[in-house]
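Q: model this:
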Amino acid sequence: MGNITILLILLAVNCCFWTSAAIPSINSSTDESALLAFKAKITQDPYNILLKNWTQGTPFCNWIGITCSHRHQRVKALDLSSIGLKGTIAKEVGNLSFLISLDISNNNFQGNIPHELGHLRRLRGLYMQLNELGGQIPGSFGFLNRIQELVLYNNSLSGPIPPAIFNISSFQVIDLMYNFLRGSLPMDICHNLPNLESLNVSFNQLGGQIPASFSRCSEIKFLALMSNEFTGSIPGKLGNLSKLEQLYLAINNLTGELPSTIFNISSLTILAAPYNMISGSLPHDICKKTTRLEILYLFVNQLGGQIPSSISSCQSLRQLSLTYNNVSGVIPAEIGNISALQSLYLGSNNLTGELPFNFFNVSSLKKIGLGYNRFTGNLPEDLSFRHPKLEYLELQSNQLYGQIPSSLSSCSALYHIALSSNYFTGGIPAEIGNITGLKRLYLSSNYLAGEVPFRYFNFSSLKELEVMDNRFSGSVPRDLCFRHPELEYLNLEQNQFHGQIPSGVSHCSAMDTLDLMGNKFTGNVLDNIGNMSMLRNLVVGRNNFTGIIPRLIGNMSRLLILQLGGNNFSGKIPPELGNLPILEGVFLQANQFTGEIPPELGQSSSMGRLYMKSNKITGKIPPSIFNISTLRELGLSSNQLSGFSES
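A: Numbering: from 1, shown residues only. Take a look at the predicted model:
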């Protein structure tokens with residue numbers, strides 16, 4: 001009997017040997033056919049990787065991008081990421097039955113994802129992000145019962161997310177960001193996802209409520225639902241996610257109060273829920289448990305109440321933004337003890353009291369935004385000593401007074417200063433010119449006097465300068481645009497500047513807006529703007545400018561607003577104004593223009609406002625003016641017009 005048993009065992013082993021030897025031969029052929037079918041669907045291969053390397057007659061396990069299993073010599077990984085391929089995905093890829101990882105990310109694949117990929121039962125990672133894939137996510141993906149990572153972000157996928165996907169217990173990462181997915185998330189979304197660590201469906205068109213069952217995804221660390229159409233309130237049960245580190249809910253239609261339970265998550269480092277309609281207030285013990293919180297973004301909501309003094313317990317907090325809410329009261333002095341704080345944005349609230357700089361001991365602070373509140377007080381001389389790394393200072397629309405401290409120049413990293421709409425007096429300290437990286441300086445609507453110290457301005461990086469509605473005098477320097485070649489926005493409106501606009505202003509080739517309105521300038525500003533091809537807004541009304549409008553103005557194709565009213569311009573109105581493609585407002589009133597209204601103005605497809613009153617214009621009104629479909633305001637009174645011309 002023993003010999004018979006041994007014989008049977010030997011026969012069984014022999015049988016298995018021949019069987020196992022035969023299967024790889026058949027299946028290997030299947031793999032090769034599938035890969036060649038994949039290659040056949042490629043329309044662009046800029047590096048000729050598939051063209052030269054994927055050839056019959058060479059072992060496919062040696063082809064670039066292919067990894068085979070040692071035992072069966074079957075394709076277990078296909079990695080063709082970031083090599084510029086274009087084409088569609090062959091359905092035969094679904095025949096690679098030993099495939100564990102498929103990565104074709106960062107290419108130019110188009111068309112639909114074949115439902116045959118649902119046959120890849122061994123698949124653990126599917127990476128198709130950064131392509132141009134369309135259509136729906138195949139419902140057959142619900143059969144991928146070993147998959148751990150599904151990454152499809154930055155495509156053009158549409159339709160609903162197949163509910164079966166949320167029944168695969170092996171899932172760890174699902175990233176569907178930046179698509180056009182619709183529908184809602186299943187209310188029992190986490191009932192079968194015990195291992196899920198990361199879910200990102202941001203930047204889609206998903207709606208409905210945020211499922212409270214997210215609380216059952218006990219392993220989740222990253223949850224991103226931002227930029228969708230979610231409604232309702234934030235489920236308080238999210239506070240049960242004891243491992244959650246990052247929560248992104250921005251740009252939705254969320255309402256209700258901010259649940260205090262969120263601040264029970266000790267692992268939380270980022271909470272970002274701006275651009276919603278969330279109400280309530282910050283909990284009084286905000287950082288008792290969330291001691292690791294680094295970023296708190298709740299701007300553009302409907303939060304009220306006061307900033308709790310317990311926020312000082314957030315010793316890891318680097319960025320805090322509550323801008324555009326209804327927060328009231330004073331800034332607690334304790335906030336000045338958050339040693340890690342780099343950005344503090346509390347603008348557009350109802351905050352009162354004196355500026356908190358006297359108790360700010362945060363040397364790491366880089367950005368301060370406290371504009372549009374009701375703060376009082378002045379800027380301390382030691383501001384730069386306390387905050388040597390300061391880059392961004394925004395204090396406009398408050399009730400601040402005193403002089404602008406010259407020591408501000410010691411904040412050598414400053415690129416943005418906004419002090420408009422306050423009660424500052426004195427002048428602009430010449431020392432500010434030493435902030436060589438300054439890009440934006442806003443000082444409008446104060447009580448500042450004297451000359452603008454242009455000759456001390458050594459910041460060639462300046463892009464925007466606004467000093468409107470003050471008591472400045474002096475003239476525009478000849479070398480303005482040589483010193484500031486990147487200048488895009490210059491607003492000197494409502495001051496007492498005088499003199500002529502130097503010809504060098506034409507070297508401001510990046511200029512978008514030139515606003516000189518309400519000063520005492522003379523000469524012909526229009527002679528000096530020929531090279532300003534980027535100019536959109538030319539606002540020079542209520543000065544003493546003279547001269548004519550040159551016909552070359554027809555070359556300024558970006559011109560949106562032409563405001564010349566209240567000067568001494570003369571000559572005829574150039575017909576070329578009718579050819580400017582986006583010209584919306586033309587204000588020529590109260591000048592000395594003569595001649596007739598050019599009928600060519602009627603060719604405009606964008607003009608909404610046209611004012612020519614109080615000039616010396618003669619002739620008849622061309623009917624073409626009334627063919628401007630966008631025209632909503634027309635002022636022609638106080639001229640020498642004689643009715644309508646015949647069409």
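Q: ok, and the helix or strand in the chain with the lowest average confidence?
A: The weakest-scoring helix or strand in the chain, judged by mean pLDDT, DSSP states H and E, is helix 2-40 (a mean of 56).
Q: Now the element after that helix, going C-ward?
A: strand 42-44 (DSSP states H and E).
Q: Mind listing what's buried along the following helix or strand past that following strand?
A: Using DSSP H and E, the helix or strand that directly follows strand 42-44 along the chain is helix 49-53. Within helix 49-53, the residues that count as buried by 16 or more other C-beta atoms under 10 Å are 49-50, 53. C-beta coordinates here come from the backbone N, C-alpha and C atoms, glycine included.
Q: With respect to residue 585, which of those is nearest?
A: Nearest to residue 585 among the buried residues of helix 49-53: residue 49, at 55.6 Å, using C-beta to C-beta.
Q: pretty sure the closest one contacts residue 66?
A: No: taking contacts as C-beta atoms under 8 Å, residue 49 lies outside contact range of residue 66: 11.2 Å.
Q: I figured residue 239 was touching residue 267, is that so?
A: No: counting by C-beta under 8 Å, residue 239 stays clear of residue 267, with 11.7 Å between them.
Q: Please say which of those two ends up with more neighbours.
A: residue 239 (19 against 16; other C-beta atoms under 10 Å).
Q: how close does the more buried one sit to residue 280?
A: 14 Å (C-beta to C-beta, to the nearest Å).
Q: ok, now residue 83?
A: Residue 83 is 50 Å from residue 280, by C-beta to C-beta.
Q: quick one, what contacts the closest residue to residue 217 other than its chain neighbours?
A: With sequence-adjacent residues excluded and distances taken as C-beta to C-beta, 6 or more residues apart in numbering, residue 217 is closest to residue 190, at 4.0 Å. Contact analysis of residue 190 by C-beta atoms under 8 Å, 6 or more residues apart in numbering lists 166, 196, 211, 213-217, 220.
Q: do the same with residue 339
A: Residue 339 neighbours (C-beta under 8 Å, 6+ apart): 315, 361-362, 364.
Q: Helices of this structure, residue ranges please.
A: Using DSSP state H, the helices of the chain run over 2-40, 49-53, 383-386, 480-483.
Q: burial of the residue nearest to residue 415 when sequence neighbours are not counted, as a residue count?
A: Of all residues not flanking residue 415 in the chain, residue 439 sits nearest, at 4.6 Å (C-beta to C-beta, 6+ apart). A count of nearby residues for residue 439, using other C-beta under 10 Å, gives 17.
Q: just residue 502 next, same as before
A: Residue 502 is flanked by 17 other residues according to other C-beta under 10 Å.
Q: Next, the residue lying closest to it once chain neighbours are set aside: phi, psi?
A: In space, and not counting its chain neighbours, residue 502 is closest to residue 478: 4.3 Å by C-beta to C-beta, 6+ apart. Note on residue 478: backbone dihedrals following degrees, to the nearest 10 are phi -60, psi -30.
Q: quick one: average pLDDT of stretch 117-132?
A: Stretch 117-132 carries an average pLDDT of 98.
Q: Quick one: distance of that stretch to the chain centre.
A: Centroid separation for stretch 117-132 versus its chain: 30 Å, with C-alpha atoms, centre = their mean, to the nearest Å.
Q: From start to finish, how long is it in a straight line?
A: For stretch 117-132, the first-to-last residue distance is 18 Å (C-alpha to C-alpha, to the nearest Å).
Q: Next: stretch 491-505.
A: 14 Å.
Q: which stretches of this protein have low pLDDT?
A: Counting by pLDDT under 70, the ranges of the chain that qualify are 1-27, 645-647.
Q: shouldn't the residue nearest to residue 502 be in contact with residue 505?
A: No: between residue 478 and residue 505 there is no contact under C-beta under 8 Å: 9.1 Å.
Q: and these two? which has more neighbours close in?
A: Looking at residue 478 and residue 505 with other C-beta under 10 Å, you find the greater number of neighbours at residue 505, namely 20 against 13.
Q: residues touching that one, list them.
A: Counting by C-beta under 8 Å, 6+ apart, residue 505 touches 476, 480-481, 514, 528-529, 532.
Q: how near is it to residue 454?
A: From residue 505 to residue 454 the distance is 13 Å (C-beta to C-beta).
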